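Participant: 3D model of this:
(3 chains)
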Amino acid sequence: MNLLYFLDLTGTAAFAISGALAGIQRKMDLLGVLVLGMVTAIGGGTLRDMLLGATPPFCFENETYLYVSLGFSLLTFFTHRHLSRYHDALLYFDAVGLATFVVLGTAKALAYDCGVLSSIILGVITATAGGVIRDVLSNQVPLILHKEVYASACIAGGLLFAILKIQAFNHNFATVLAAATVIALRLLAIRHKWALPTAKID
Amino acid sequence: MNLLYFLDLTGTAAFAISGALAGIQRKMDLLGVLVLGMVTAIGGGTLRDMLLGATPPFCFENETYLYVSLGFSLLTFFTHRHLSRYHDALLYFDAVGLATFVVLGTAKALAYDCGVLSSIILGVITATAGGVIRDVLSNQVPLILHKEVYASACIAGGLLFAILKIQAFNHNFATVLAAATVIALRLLAIRHKWALPTAKID
Amino acid sequence: MNLLYFLDLTGTAAFAISGALAGIQRKMDLLGVLVLGMVTAIGGGTLRDMLLGATPPFCFENETYLYVSLGFSLLTFFTHRHLSRYHDALLYFDAVGLATFVVLGTAKALAYDCGVLSSIILGVITATAGGVIRDVLSNQVPLILHKEVYASACIAGGLLFAILKIQAFNHNFATVLAAATVIALRLLAIRHKWALPTAKID
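Facilitator: This is a model prediction of the structure:
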């Protein structure tokens, strides 16, 4: 339980860094960088909670998430020129965040008595909606809609977790297996540059 | 009641097809096409329910809407080259969906004790917000903001329904009359290419 | 109390005018202008209420906000060529709206037992999210993310209000002092063209 909370905060920090970096590349000012960093880190879970009616959302109930995402966004703003050095480490932390967010989101939806498809969708929203909002605020087509980056890994992890839970497997076992699946698929997708098909247009 | 539910699912399917087609035209991959199709079909009702506090929203309470919108989005992805043959039929189904969504949305808002203007707005949101989210995610100015396509028909239908309900007319009568009005206005607007005025800029 | 309600409606009107003017400049039709005007005026408070779970949101509970924002958006559509004459007055009304929205939003969040950081964020969202939605719907990067216009003034006002309230200062005193701070900072920022730093990119 404490490990999962630690991984959740790790993912929050990693997502905040990636969002803040996007803000810097898009020439936003300090406020814009902080907003993009925080939105990327907590936007997905916040939208999930709004959809579930679990308001105020998790990050207002436990402001640690706000402080972590604000702190790492600020840190990124002032140290971003040194961050490229940690590019590979950031990818790993990002994959950890993705996996944790999917599993926690799917688990929360199931705990709210949502059906399987709803729960998987809410798990995927938890992991990806922050990045979608970041791209919409930057006036770009969200990356995950036209270029596979990680959504399939999230769907697979959410589906696996939901099945294991419904089959009454141990909660921790389901969590670890589903999260490991997301991380493995995500890293394999990066290494092999997997992409989804697009429809053929004549 | 059962007819209305059938029409609601018909509209959901028609909106999913139009959203998925938009995703294909905008060169999104499979996931992007599914997201645009589903968002177009269920985004309006979901936003209405979030605004009303009716959470989890209708499509999580009854996952049939999720499966219908997912299924027809998938179908569109794989068969879109044959769909142009059914262009006119799709316009009719789209008008049916528009009418059903407006009436159901306005009725739900009134049932939640919202005022007349709020209820009409929520009816229009039910019918149009999915398309707005689709366009925002595609990085385009929402079609209904700069080119009349159907919002006026929705406003007229929602207003008519609210007036009939407040005047204590029979619920089914109000539903049929308001829905028929939306469908008629929508088809007339297509035929005669009606457009709203824009402000004169010197 | 009645003064605050009057200022709130004044701010609503000023925001509706600025949103409708943006819609006109962006060549939207009548519906688009009304939507942009209303969204700018009530979008921030609506998002705050959705996040707090205070649904239906304030403007559905008290439709006066809807009628004021709709009315002033309509007025702007038909008289916009004469409005440039009142440019300076509009800036003052806009600053009043900003200040009122921040203070009311922060106060509402504190009343819902949110923490300090959450409350400030919700105050800033109340004042700025309407403009962000306006820009997203217009397919533009939100102004406040890349060019300082008023967010810092909002943050300062929200922070001051939260501190004064926690220190158990009189509610009216805290309201007036925080609102005056926002107005003063906002007008000084306009006069001196203050801007936030951007990150240095090599």
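
Participant: For chain A, which residue gets nearest to chain B?
Facilitator: Nearest residue of chain A to chain B (CB to the nearest CB) works out as A:Gly53 at 2.9 Å. The way it works is simple: take the backbone N, C-alpha and C, and place the C-beta from them, glycine included.

Participant: Now do the contacts for that residue.
Facilitator: B:53, B:55-56, C:53 (CB atoms under 8 Å, 6 or more residues apart in numbering or on different chains).

Participant: let's see 10 Å
Facilitator: With contact taken as CB atoms under 10 Å, 6 or more residues apart in numbering or on different chains, A:Gly53 is in contact with A:112, B:49-50, B:53-57, B:60, C:53, C:55.

Participant: SS state for the spatially most central residue of chain A?
Facilitator: Centroid-nearest residue in chain A, with CA atoms, centre = their mean: A:Ala127, separated by 2.9 Å. At A:Ala127, secondary structure determined by DSSP: H, G, I helix; E, B strand; the rest coil is helix.

Participant: Now it: closest residue in space that isn't a chain neighbour?
Facilitator: Excluding the flanking residues, the one nearest A:Ala127 by CB to CB, 6 or more residues apart in numbering or on different chains is A:Phe101, at 3.9 Å.

Participant: can you tell me the helix or strand for that neighbour?
Facilitator: Assessed by DSSP states H and E, A:Phe101 sits inside helix A:87-111.

Participant: Check which helices and strands that helix is in contact with.
Facilitator: Helices and strands in packing contact with helix A:87-111 are listed as helix A:2-25, helix A:30-52, helix A:116-137, helix A:151-166, helix A:171-192; criterion 3 or more CB pairs under 10 Å, 6 or more residues apart in numbering or on different chains; DSSP states H and E.

Participant: let's see it at 6 Å
Facilitator: helix A:2-25, helix A:116-137, helix A:151-166, helix A:171-192 (3 or more CB pairs under 6 Å, 6 or more residues apart in numbering or on different chains; DSSP states H and E).

Participant: Out of these, indicate the one that is most buried.
Facilitator: With neighbours defined as mean count of other CB atoms under 10 Å in any protein chain shown, those peak in mean count at helix A:116-137, which reaches a mean of 25.

Participant: That one to helix A:171-192, inter-axis angle?
Facilitator: 50 degrees (axes from the mean of the first three to the mean of the last three CA atoms, to 10 degrees).

Participant: Tell me the helix or strand right after helix A:116-137.
Facilitator: According to DSSP H and E, the helix or strand after helix A:116-137 is helix A:143-146.

Participant: close to chain B, is that following helix?
Facilitator: Yes - remark: helix A:143-146 sits within contact range of chain B at A:145-146, by CB under 6 Å from any CB of the partner chain.

Participant: what separates that helix from the chain centre, distance-wise?
Facilitator: A distance of 14 Å separates the centroid of the chain from that of helix A:143-146, by CA atoms, centre = their mean, to the nearest Å.

Participant: and if you look at stretch A:121-139?
Facilitator: So, by CA atoms, centre = their mean, the centroid of stretch A:121-139 is 8 Å from its chain's centroid.

Participant: Which part of chain A gets nearest to chain C, residue-wise?
Facilitator: Counting by CB to the nearest CB, chain A gets nearest chain C through A:Thr55, at 3.0 Å.

Participant: re the thing from before, tell me the contacts of the residue nearest to the centre of chain A?
Facilitator: Under the criterion of CB atoms under 6 Å, 6 or more residues apart in numbering or on different chains, the contact list for A:Ala127 reads A:44, A:98, A:101-102, A:154.

Participant: In PyMOL, how would I select just the buried ones from those residues?
Facilitator: Selecting the buried subset of those in PyMOL, with 16 or more other CB atoms under 10 Å in any protein chain shown as the burial test, is done by:
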select buried, chain A and resi 44+98+101+102+154
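
Participant: any idea whether the residue of chain A closest to chain C is helix, strand or coil?
Facilitator: A:Thr55 ends up coil, using three-state DSSP.

Participant: quick one: contacts for it?
Facilitator: Residues counted as contacts of A:Thr55 (CB under 6 Å, 6+ apart) are C:Gly53.

Participant: and if we set it to 8 Å?
Facilitator: A:49, C:50-53.

Participant: low-confidence ranges in chain A?
Facilitator: A:1, A:148-149, A:195, A:200-202 (pLDDT under 70).

Participant: who in it is up against chain B?
Facilitator: A:50-53, A:112, A:114-115, A:117-118, A:121-122, A:132, A:136, A:139-142, A:144-148, A:151-152, A:195-202 (CB under 8 Å from any CB of the partner chain).

Participant: Among these, name the buried ones.
Facilitator: Using 16+ other CB under 10 Å, the buried ones in the residues of chain A next to chain B are A:50-53, A:112, A:114-115, A:117-118, A:121-122, A:132, A:136, A:139, A:141-142, A:144-146, A:148, A:151-152, A:196, A:198-199.

Participant: For stretch A:66-79, C-alpha coordinates in PDB please.
Facilitator: Extracted as PDB, the C-alpha positions of stretch A:66-79 are listed here (Å, rounded to 0.1, in the frame of the first residue of the first chain):
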ATOM      1  CA  LEU A  66      -0.600  19.400  -5.700                       C
ATOM      2  CA  TYR A  67       2.700  20.200  -4.000                       C
ATOM      3  CA  VAL A  68       4.600  17.400  -5.700                       C
ATOM      4  CA  SER A  69       3.400  18.400  -9.200                       C
ATOM      5  CA  LEU A  70       3.900  22.100  -8.400                       C
ATOM      6  CA  GLY A  71       7.400  21.500  -7.000                       C
ATOM      7  CA  PHE A  72       8.600  19.400  -9.800                       C
ATOM      8  CA  SER A  73       7.200  21.800 -12.400                       C
ATOM      9  CA  LEU A  74       9.100  24.700 -10.800                       C
ATOM     10  CA  LEU A  75      12.200  22.600 -10.600                       C
ATOM     11  CA  THR A  76      11.900  21.800 -14.300                       C
ATOM     12  CA  PHE A  77      11.400  25.400 -15.200                       C
ATOM     13  CA  PHE A  78      14.700  26.400 -13.500                       C
ATOM     14  CA  THR A  79      16.800  23.300 -14.300                       C
END
